[in-house]
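Enquirer: build me a model from this:
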Amino acid sequence: MEQKIKQDINIGRNIRDLRKKKKMTQDILAAKMQLLGCNTTRSSLAKIEAGIQHISVSELCAIKEVLNASYDEILKCFTENKE
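Expert: This next block holds a predicted model:
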C-alpha cells in the first residue's frame, strides 16, 4: 500500500513554482518521474499542484530528484512559518 501525504499546506504551489523556475512543463516533469519508476501522469501532477490530490511519498521523492530541489524548498511555507 502506497502512503499518501495530506497537504495541510499547499506544497503543490511550491512544486509548481520550482518546476516553472526550471522551465519545465508538467508533461516533462511527469515523464522524468516515470523514468525514475514513479507512475505519475501529467493529470495527477496538475491535481497535486492545485492541491486537489494528495501526494505520495514516492512522488515527493521523485519530484525532489527531478527538480534537484531540497525538501526545505518544497515545504517552504512550513519552514518559513517555523522561523
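Enquirer: what segments of the protein are strands?
Expert: With DSSP state E as the criterion, the chain has strands at 4-5, 55-56.
Enquirer: put together TSV for those, with mean neighbour count, distance to Leu75 and mean pLDDT on each row.
Expert: The way it works is simple: take the backbone N, C-alpha and C, and place the C-beta from them, glycine included. Listed next are these as TSV, based on neighbours: other Cβ atoms under 10 Å; distance: least, Cβ to Cβ, whole Å; pLDDT from 0 to 100:
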stretch	mean neighbour count	distance to Leu75	mean pLDDT
strand 4-5	12	10	70
strand 55-56	20	11	91
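Enquirer: pLDDT below threshold where in this structure?
Expert: Residues of the chain that meet the criterion pLDDT under 70 lie in 1-3, 5-8, 77-83.
Enquirer: I'd assumed Arg42 was in contact with Met33.
Expert: No - look at Met33 against Arg42 with Cβ atoms under 8 Å: they stay out of range, at 10.1 Å.
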